[in-house]
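**Q** could you look at this predicted model? Sequence included:
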Amino acid sequence: MVSLFESQVARPLADRLRPRKLVEVVGQDHLFGDDGPLTRMTQTRRVPSVILWGPPGCGKTTLARLMADIADMAFEPLSAIFSGVADLRKVFERARGRRSTGASTLLFVDEIHRFNKAQQDSFLPYVEDGTITLIGATTENPSFELNAALLSRSQVLVLKRLDDPALEELLKRSEAEMGFDLPLTDEARITLRAMADGDGRYLLNMAEELFMLPASDDGPLGVAELSRVVQKRVPIYDKGDDSHYNLISALHKSVRGSDPDAALYWFNRMLAGGEDPKYVARRLLRMAIEDIGLADPQAQQICLGAWQSYERMGSPEGELALGQAVIYLALAPKSNAGYNAYNRSAKIARDTGSLTPPAHILNAPTKLMKEIGYGTGYAYDHDQEDGFSGQNYFPEGMRRQQFYEPVERGFERDLRKRVDYFARLRRERQKRGSED
């Protein structure tokens with residue numbers, strides 16, 4: 001029951017606009033539809049244990065409450081940040097009590113990834129025997145942050161950040177709730193949605209600030225005035241969480257895909273999120289080695305030079321050098337031939353154990369070594385025709401391998417010609433040797 005004093009306290013706009021029915025949820029259309037999981041739950045009025053994975057402000061808590069209403073379950077909310085084992089025990093005891101009377105309990109755990117392994121394990125027996133239905137909310141990748149046993153007993157629903165139409169729908173609802181329009185120009189309204197960065201709760205909080213502004217005779221706020229009244233949402237970027245790896249993956253794949261514009265976008269997204277430019281520099285160097293390789297040997301030097309330039313100039317000037325390296329890598333010819341050759345040769349080297357080099361390429365610094373054949377038959381390449389002997393340098397009894405397969409792009413076109421040239425000479429020398 002709401003007390004007299006609580007009823008006199010104004011509820012935040014975001015709370016007043018919280019959906020009361022599933023059809024009022026915005027931005028998650030992929031969960032509805034004829035075969036959508038939320039549609040099935042509504043039709044059967046049965047809710048299984050679920051992990052809701054999505055960014056802040058996308059509606060995870062709201063969906064959990066609506067699921068409890070669908071199945072007519074008692075709603076027990078907990079935050080993993082502020083709760084411990086003692087709090088969980090109390091919830092389990094209340095759930096047992098309800099079960100004895102035929103009622104069921106939905107336990108909603110916000111930020112469930114904050115619970116450690118032991119705390120996550122404590123849910124299992126109560127989920128298995130039906131004492132509780134668990135709904136966990138997380139902004140982190142459940143594959144990495146939740147126990148396999150808990151994941152195997154839950155359905156994972158992926159929620160998306162709210163897109164522009166969904167954010168606009170929230171603004172319209174806020175205006176209907178307040179009874180008047182936001183004091184914004186069309187351009188400022190677009191900017192306001194962009195400032196929310198997909199977070200519906202943050203958008204409504206900013207809108208509430210704008211609704212509280214005193215009436216002005218100067219007309220609606222423009223973009224510049226809007227920026228002075230409300231603050232842009234800080235981008236989601238934790239160097240230890242999933243977004244960190246998502247963005248570096250996006251940068252790497254944009255470079256590999258030869259798209260300098262997309263690569264620059266993800267590069268700047270990382271910097272805007274507070275990433276250490278030296279980390280980006282190291283990853284750019286790796287891209288030069290892994291994805292460009294000898295198709296453009298200059299790429300590695302460009303990255304090293306950009307890294308050194310950043311270390312000498314610092315931010316923000318040094319970041320331009322890194323940005324230019326991003327452009328160069330994206331437009332450079334691509335080859336992973338060297339990367340593949342290294343990996344294949346490393347595997348063969350491990351698999352063949354302790355095979356010794358052929359005797360003719362072993363040094364013979366002692367008389368005994370010479371007597372047992374070390375160095376016998378070695379052909380000094382500089383003294384041979386074309387400066388190439390064509391001798392075998394692999395261990396005796398091991399079939400010759402070809403690890404490096406240069407591509408027909410960039411500088412590796414020339415290297416392809418050299419590989420083919422030496423292969424032809426090798427065949428000629430071997431044929432000549434067999435005839436002799």
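**A** Looks like it arrived, so ask away.
**Q** contact partners for residue 264?
**A** 323, 326-327 (CB atoms under 8 Å, 6 or more residues apart in numbering). For glycine as for every other residue, the C-beta is placed from the backbone atoms N, C-alpha and C.
**Q** from those, which is closest to residue 103?
**A** For the contacts of residue 264, the residue nearest residue 103 by CB to CB is residue 326; the value is 58.2 Å.
**Q** which SSE is that closest one in?
**A** For residue 326, the element it lies in under DSSP states H and E is helix 317-331.
**Q** state which helix of this structure is the longest.
**A** Longest helix of the chain, by residue count under DSSP state H: helix 412-435.
**Q** please identify the helix or strand for residue 166.
**A** Element membership for residue 166 (DSSP H and E) is helix 164-178.
**Q** name the helices or strands packed onto the helix holding residue 326?
**A** helix 242-256, helix 260-272, helix 277-287, helix 298-313 (3 or more CB pairs under 8 Å, 6 or more residues apart in numbering; DSSP states H and E).
**Q** next structured bit after that helix?
**A** Sequence order places helix 337-351 as the next helix or strand after helix 317-331, per DSSP H and E.
**Q** tell me the centre residue of this protein?
**A** residue 246 (1.8 Å; CA atoms, centre = their mean).
**Q** identify the residues contacting that one.
**A** Residue 246 touches nothing, counting by CB under 8 Å, 6+ apart.
**Q** mind putting the helices and strands packed on helix 317-331 into JSON lines with distance to residue 420 and mean pLDDT?
**A** Below are the helices and strands packed on helix 317-331 laid out as JSON lines (distance: least, CB to CB, whole Å; pLDDT from 0 to 100):
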{"stretch": "helix 242-256", "distance to residue 420": "27", "mean pLDDT": "86"}
{"stretch": "helix 260-272", "distance to residue 420": "33", "mean pLDDT": "92"}
{"stretch": "helix 277-287", "distance to residue 420": "28", "mean pLDDT": "94"}
{"stretch": "helix 298-313", "distance to residue 420": "24", "mean pLDDT": "95"}
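**Q** okay, now the unreliable bits of the stretch 101-250 of the chain?
**A** Confidence mapping of the stretch 101-250 of the chain against pLDDT under 70 gives the ranges 232-243.
**Q** residue ranges of the helices in it, please?
**A** 117-121, 124-128, 142-145, 148-152, 164-178, 186-196, 200-211, 223-229, 242-256 (DSSP state H, counting those that start in this stretch).
**Q** let me know which of the ones you listed is tucked in deepest.
**A** Each of the helices of the stretch 101-250 of the chain was assessed for mean neighbour count using mean count of other CB atoms under 10 Å. The highest is helix 200-211, with a mean of 21.
**Q** how about residues contacting that helix?
**A** Residues outside helix 200-211 that contact it (CB under 8 Å, 6+ apart) are 12-14, 17, 26-27, 56-59, 162, 166-167, 170-171, 174, 178, 180, 182-184, 192-193, 195-196, 221, 226, 229-230, 233.
**Q** distance from the chain centre to that helix, please.
**A** 28 Å (CA atoms, centre = their mean, to the nearest Å).
**Q** and if you look at stretch 14-33?
**A** With CA atoms, centre = their mean, you get 26 Å for stretch 14-33.
**Q** and it, which residues are buried?
**A** Buried residues in stretch 14-33, counted by 16 or more other CB atoms under 10 Å: 14, 17-18, 22, 25-28, 31.
**Q** ok, the residues you listed vs residue 403, which is closest?
**A** residue 31 (48.2 Å).
**Q** and the closest residue to that closest one other than its chain neighbours, how far from residue 369?
**A** Computed as CB to CB, 6 or more residues apart in numbering, the closest residue to residue 31 that is not its neighbour in sequence is residue 38, at 4.6 Å. Computed with CB to CB, to the nearest Å, the distance linking residue 38 and residue 369 is 78 Å.
**Q** which of the two has more neighbours?
**A** Neighbour comparison, residue 38 and residue 369: the larger count goes to residue 38, with 21 against 14 (by other CB atoms under 10 Å).
**Q** then that one would be within a helix, right?
**A** Yes - the assignment for residue 38 by DSSP: H, G, I helix; E, B strand; the rest coil puts it in a helix.
**Q** in terms of contact, does it touch residue 23 like I think?
**A** No - under the criterion of CB atoms under 8 Å, residue 38 is not in contact with residue 23, lying 10.1 Å apart.
**Q** and the longest helix of the chain, which residues are buried?
**A** By 16+ other CB under 10 Å, the buried positions in helix 412-435 come out as 412, 415-416, 419, 425-426, 429.
**Q** I'd like those residues laid out as TSV, including distance to residue 253 and pLDDT.
**A** As requested, the buried residues of helix 412-435 are exported to TSV (distance: CB to CB, whole Å; pLDDT from 0 to 100):
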residue	distance to residue 253	pLDDT
412	21	91
415	25	92
416	26	92
419	29	91
425	40	90
426	38	88
429	44	84
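**Q** what about the strands in the stretch 1-150 of the chain?
**A** 50-53, 74-79, 105-110, 133-138 (DSSP state E, counting those that start in this stretch).
**Q** between the helix holding residue 166 and helix 200-211, how big is the angle?
**A** On the basis of axes from the mean of the first three to the mean of the last three CA atoms, to 10 degrees, helix 164-178 is oriented at 40 degrees to helix 200-211.
**Q** how much does helix 164-178 deviate in direction from helix 186-196?
**A** Interaxial angle, helix 164-178 versus helix 186-196 (the same axes, to 10 degrees): 110 degrees.
**Q** elements contacting helix 164-178?
**A** helix 13-16, helix 186-196, helix 200-211.
**Q** out of these, the one nearest residue 281 is which?
**A** Smallest distance to residue 281 across the helices and strands packed on helix 164-178 (CB to CB): 29.1 Å, for helix 186-196.
**Q** packing partners of the closest one?
**A** Where contact means 3+ CB pairs under 8 Å, 6+ apart, helix 186-196 is packed against helix 164-178, helix 200-211, helix 223-229.
**Q** give me the distance from it to the chain's centre.
**A** For helix 186-196 - counting by CA atoms, centre = their mean - the centre lies 27 Å from the chain centre.
**Q** convert that helix to PDB, retaining C-alpha atoms only.
**A** Taking Å, rounded to 0.1, in the frame of the first residue of the first chain, the C-alpha atoms of helix 186-196 are listed here in PDB:
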ATOM      1  CA  ASP A 186      13.000  19.600 -35.300                       C
ATOM      2  CA  GLU A 187      16.700  19.600 -35.500                       C
ATOM      3  CA  ALA A 188      17.100  19.700 -31.700                       C
ATOM      4  CA  ARG A 189      14.600  16.900 -31.300                       C
ATOM      5  CA  ILE A 190      16.800  14.700 -33.600                       C
ATOM      6  CA  THR A 191      19.800  15.700 -31.500                       C
ATOM      7  CA  LEU A 192      18.100  14.800 -28.300                       C
ATOM      8  CA  ARG A 193      17.400  11.300 -29.500                       C
ATOM      9  CA  ALA A 194      21.000  11.000 -30.600                       C
ATOM     10  CA  MET A 195      22.200  12.200 -27.200                       C
ATOM     11  CA  ALA A 196      20.300   9.300 -25.600                       C
END
